[in-house]
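**Student:** Here you go, sequence then predicted model.
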Amino acid sequence: MGTDMNDIDYELIERYLSGDMSAEARAAFETRMLVEPALKDAVQHYAEVQDSLRQSLKDDPQREQLKQTLESNRHVFREAKRIPLRRYYITAASIAAVIAVVLFWSPWQQDVYQQFGVQEMVSPAERGNASDSLLQSASAHFNHHRYEQAIDDLNKVIEHHPEDAFAIYYRGLAYLENKQSDYARADLEMIYNGESVFKYEAAFYIALSYFREDKKDQCRNWLEKIPAEAGDTHERAQRLAKEL
Amino acid sequence: MSTHNVHADQHYVHALLQNDTQAVAEIYRRFAGKVKYYILQNNGTADDAADIFQESLVDIYNQAKYKGLQLTCPFEPFLLMVCKRKWLNELKKKGRQGVTKDIDGQFDIGEDSFRDAEKTWADNEKARLFKTMLEQMGERCKEIIKLSLTDKPQEEIAAALGVTYGYLRKKKSECMASLVAAIKENLSKWGLT
């Protein structure tokens, strides 16, 4: 006896699955399922849909809480252009900003470029992977003004992580200090065009690179890109603008 | 999935089940980058990536809570696999160009893990399809199915709807029949078989 899809008695399936059947009827129905694969399939599908809906229609407060936690981490996707910044980069950037501010206020700074120039590359916290040891090494070179070696190290990091905003930013600064302004601006513009935490710092250093070349218009253009919300960087931009 | 094969990374699954905020933040910190990179490489935006990542984690939560999922491979390739499967299907649904660029070697996980990841995606996608099709039904059918799938006794539901138990059962089975038919029609459109 064959069973066509259209002949399936869904009410019988409903009664079978809800246990609303006499023992005899049940046994008969199970015998039918053995010889009618289409009926067996229909029962399985009916049960699958029912079970799945029963679960997904039910409130799951724990799942709702998890969704909130997930939502609160969503910003990770917006932080860097492609590979999101890891937290220690952000910490490093804030430390760098503090150091820059402290050095900026220092009375012993005379020359304007020196006053605004790059001071330190903060080395990332140790994580023990290859990129991190390269970054450690890069920061050691950078902080001893060995910019070419720093660039070599950063090139290796960027080769493996082409979107690593931290590495690209500091390579830009190393080029800047190494008087390779075009290269510097290429890296820094990439950072400026992305969504990294170094965005406005990058704009500032592009401005500074033009300042050094006495290209005042370009310098001013870049300084104007730094909004008040950029905080310290904005303040420094204002001061550099006054020097123009 | 026998217990002795459970991978140490199962703690990430627990973190989702327990809503362990620190561990969840670690999941984002460690694994979001690759997913974002993959989706940006394949016609998506950062927002798409954030959605896919979030939904995949909820899928893993559901699979662990309701289907007893246990990891037999590291969490990262498993998560990437679910994300990738989901994104492929999104592209297909939207009729956009398929995925061309893969993440090198990220998906070399064992056959069992591959099957578990595929099932995690498929079970959850089916659940979404079932729910979507239910929502597209007429008001009466929707009401009847939703009510009869709660834990309340069927007699009580019949009384609440002002019908007899026999009528409710008959009506519910009719509604379920058309729901099942609508689902069957849409299975392949949703990338399911």
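**Tutor:** Yep, it's here. Numbering: from 1, shown residues only, chains lettered A, B, ... in the order given.
**Student:** what about the closest residue in space to residue A:55 that isn't next to it in sequence, neighbour count?
**Tutor:** Among residues not flanking residue A:55 along the chain, residue B:66 sits closest, at 5.6 Å (CB to CB, 6 or more residues apart in numbering or on different chains). C-beta here means a position set from N, CA and C on the backbone, and glycine is covered the same way. Residue B:66 has 17 neighbouring residues, counting by other CB atoms under 10 Å in any protein chain shown.
**Student:** Quickly find the element holding residue B:66.
**Tutor:** With elements delineated by DSSP states H and E, residue B:66 resides in helix B:46-67, which encompasses its position.
**Student:** Check which residues of that helix are buried.
**Tutor:** Using 16 or more other CB atoms under 10 Å in any protein chain shown as the burial criterion, the residues of helix B:46-67 that qualify are B:46, B:48-66.
**Student:** any idea how chain A splits into domains?
**Tutor:** According to automatic domain parsing, chain A is divided into the following domains: A:5-58, A:81-243.
**Student:** Quick one: distance of the longest one to the chain centre.
**Tutor:** On the basis of CA atoms, centre = their mean, to the nearest Å, the separation between the geometric centre of domain A:81-243 and that of its chain is 19 Å.
**Student:** quick check: mean pLDDT across it?
**Tutor:** Confidence for domain A:81-243, expressed as mean pLDDT, is 78.
**Student:** Check stretch B:39-59 too.
**Tutor:** For stretch B:39-59, the mean pLDDT works out to 93.
**Student:** need the helices for the chain, in chain order.
**Tutor:** Going with chain A. With DSSP state H as the criterion, chain A has helices at A:10-17, A:23-35, A:37-57, A:61-72, A:76-79, A:87-105, A:112-116, A:130-143, A:147-160, A:165-177, A:181-193, A:199-212, A:216-224, A:232-243.
**Student:** You answered for a different chain; I wanted chain B.
**Tutor:** Counting by DSSP H, the segments of chain B that form helices are B:10-18, B:21-41, B:46-67, B:75-93, B:111-135, B:139-148, B:154-161, B:165-186.
**Student:** now the shortest one, how far from the chain's geometric center?
**Tutor:** If I follow you right, that is helix B:154-161. Average the C-alpha atoms of helix B:154-161, do the same for its chain, and the two points are 31 Å apart (CA atoms, centre = their mean).
**Student:** Could you name the helices and strands sitting against that helix?
**Tutor:** With contacts defined as 3 or more CB pairs under 8 Å, 6 or more residues apart in numbering or on different chains; DSSP states H and E, the packing partners of helix B:154-161 are helix B:139-148, helix B:165-186.
**Student:** CA atoms only for the first one, dumped as PDB, please.
**Tutor:** The C-alpha atoms that make up helix B:139-148 are tabulated as PDB, following Å, rounded to 0.1, in the frame of the first residue of the first chain:
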ATOM      1  CA  GLU B 139      -3.600  34.700  12.400                       C
ATOM      2  CA  ARG B 140      -5.800  31.800  13.500                       C
ATOM      3  CA  CYS B 141      -3.300  29.100  12.600                       C
ATOM      4  CA  LYS B 142      -0.500  31.100  14.200                       C
ATOM      5  CA  GLU B 143      -2.500  31.400  17.400                       C
ATOM      6  CA  ILE B 144      -3.500  27.800  17.500                       C
ATOM      7  CA  ILE B 145       0.000  26.500  16.800                       C
ATOM      8  CA  LYS B 146       1.600  28.800  19.300                       C
ATOM      9  CA  LEU B 147      -0.800  28.100  22.000                       C
ATOM     10  CA  SER B 148      -0.800  24.300  21.500                       C
END
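**Student:** okay, the angle between it and helix A:10-17?
**Tutor:** When axes from the mean of the first three to the mean of the last three CA atoms, to 10 degrees is applied, the directions of helix B:139-148 and helix A:10-17 differ by 10 degrees.
**Student:** ok, now which ones touch the spatially most central residue of chain B?
**Tutor:** The residue lying closest to the centre of chain B (CA atoms, centre = their mean) is residue B:124, at 1.9 Å. Taking CB atoms under 8 Å, 6 or more residues apart in numbering or on different chains, we find residue B:124 in contact with B:58-59, B:62-63.
**Student:** can you tell me which of those are up against chain A?
**Tutor:** When CB under 8 Å from any CB of the partner chain is taken as the criterion, the members of these that contact chain A are B:58, B:62.
**Student:** so which of the contacts of residue B:124 comes closest to residue A:218?
**Tutor:** Taking CB to CB as the measure, residue A:218 lies nearest residue B:58 of these, at 48.4 Å.
**Student:** Touching, the closest one and residue A:70? I think so.
**Tutor:** Yes - in terms of CB atoms under 8 Å, residue B:58 counts as a neighbour of residue A:70; the distance is 7.2 Å.
**Student:** so how far is residue B:12 from the residue nearest to residue A:55?
**Tutor:** For residue B:66, the distance to residue B:12 (CB to CB, to the nearest Å) stands at 18 Å.
**Student:** As a markdown table, the helices of chain A with mean neighbour count would be great.
**Tutor:** Below are the helices of chain A laid out as a markdown table (neighbours: other CB atoms under 10 Å in any protein chain shown):
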| stretch | mean neighbour count |
| --- | --- |
| helix A:10-17 | 20 |
| helix A:23-35 | 12 |
| helix A:37-57 | 17 |
| helix A:61-72 | 15 |
| helix A:76-79 | 21 |
| helix A:87-105 | 16 |
| helix A:112-116 | 16 |
| helix A:130-143 | 19 |
| helix A:147-160 | 19 |
| helix A:165-177 | 27 |
| helix A:181-193 | 19 |
| helix A:199-212 | 24 |
| helix A:216-224 | 17 |
| helix A:232-243 | 17 |
